[in-house]
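**Student:** sequence unknown, structure follows:
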C-alpha cells in the first residue's frame, strides 16, 4: 500500500481521466510547463500535449466562460482557479450561466465541467490567498460542491466530479496538500453526496469538511484522552448534495452537535448544517447546536492567522459547553 499526498492523488486523478477521456481538457493559469502553483498539474502537459493541457491568461472570468463554451461544444474541461480569492471575478459566469444551463434548457443541455479551487488558510499566504468562499457556490442552485479532506478521497472525488454530467466546484484545502495517507489510487471514484464517519463516538457529533476534519479529529482524540468524552467526527465530503441521512443518524444518536468550518460564522455553511439538524433532529437534541468558525472579518495576515482559524482548544471549548449543558 503506497503513501501518497493530496497533490499526488489529485495529479493522478487528472492524469487517469485525461487518459480515459479524449474529450477532457485541463486549463488555468500556469498549469502547463510550471505544473500549477501547487504542482497539482505537474507533468500533464508534457504527457498529453499543449492542446489538452494549456495555460490561460490571468483572467478568471474568461477561464470560466471558455470552460462553459468548451463543455457546450462537447469537451469536458477541468479549470483551475489559482487561488480561492482569485475566483471572485468568475462568479458572474458561474452563477449566471454555468449553474443554469440544465435548467435553462429544460434538461436538454448539461454543462459537464469542473472548476478546481485551492481554498482556505493555513499556509501563511498573502491577502486573497486564504479565502473560504464555499457558501457562494453552495447557495447557487445548479452546482455541486465537493470538498475532500484526505488524499485518497481527493483522488476518488475528483474522478467522480470529472465524470459527472453537471458542473462541479471542487475545493482543495491548501493546508492538506502535503498531508500523507496510506492507500491505493484505483477505482472510478466515490459517489458525490456521501459523507463518512471518521471517528465513532456517543457523546457528541462534530460535523466538518476540508482541512477542519483533521483539526476536529485531533480535538476528539484529546477529549477522549483527557476527559473520557467520546466524540463522533463526520466528514461531509460534499456540501451539495449534503448527506442528510448521515448527519441525522449521527446527531439523533449522540444528541449533541458542534459544527466546525474556517469561513466566517455569519451566513456560513455551518448555518445551513445547524438548520438541517434542528429540522430533522429537534426531538433528539440534548443541547443547543454550536458553531466554531472563522471570525466575521476579512482573512487576516499570515502572522496572526493562527488566531483566526478554529483551533483544537476552541473546538474543545464548544464540546465542553454542549456536553455539560
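**Tutor:** All right, it came through fine. The structure displayed is predicted, hence computed values, not measured ones. Numbers count the residues shown, from 1 in each chain.

**Student:** mind listing the helices in the stretch 201-325 of the chain by residue range?
**Tutor:** With DSSP state H, counting those that start in this stretch as the criterion, the stretch 201-325 of the chain has helices at 212-227, 244-254, 269-281, 312-323.

**Student:** name the helices or strands packed onto the first one?
**Tutor:** Taking 3 or more C-beta pairs under 8 Å, 6 or more residues apart in numbering; DSSP states H and E as the contact definition, the neighbouring helices and strands of helix 212-227 are strand 196-199, strand 204-208, strand 231-235, strand 257-264, helix 312-323. All C-beta atoms are positioned from the backbone trio N, CA, C, and that covers glycine.

**Student:** List the contacts of that helix.
**Tutor:** 149-150, 176, 179, 198-199, 201, 206, 208, 229-233, 235, 260-262, 309-312, 315-316, 319 (C-beta atoms under 8 Å, 6 or more residues apart in numbering).

**Student:** pLDDT on it, on average?
**Tutor:** In this model, helix 212-227 has a mean pLDDT of 96.

**Student:** residue ranges for the strands of this protein, please.
**Tutor:** 2-5, 24-28, 53-55, 76-80, 114-119, 144-146, 168-173, 180-183, 196-199, 204-208, 231-235, 238-240, 257-264, 290-294 (DSSP state E).

**Student:** Need the winner for burial among the ones you listed.
**Tutor:** Greatest average neighbour count among these goes to strand 204-208 (a mean of 29), per mean count of other C-beta atoms under 10 Å.

**Student:** tell me the domain ranges of this structure?
**Tutor:** Using automatic domain parsing, the domains assigned to the chain come out as 2-183, 196-323.

**Student:** Ok, which of those domains comes nearest residue 190?
**Tutor:** Residue 190 lies closest to domain 2-183 among these, at 4.2 Å (C-beta to C-beta).

**Student:** How far does that closest one sit from its chain's centre?
**Tutor:** Its chain's average C-alpha position is 11 Å from that of domain 2-183, according to C-alpha atoms, centre = their mean, to the nearest Å.

**Student:** start to end distance for that domain?
**Tutor:** Using C-alpha to C-alpha, to the nearest Å, the end-to-end distance of domain 2-183 comes to 6 Å.

**Student:** what does the average pLDDT come to for it?
**Tutor:** For domain 2-183, the per-residue pLDDT averages 95.

**Student:** Could you do stretch 268-277 as well?
**Tutor:** 98.

**Student:** Residue 184 reaches residue 2, doesn't it?
**Tutor:** Yes. Using C-beta atoms under 8 Å, residue 184 makes contact with residue 2 at a distance of 6.6 Å.

**Student:** No further queries at this time; thank you.
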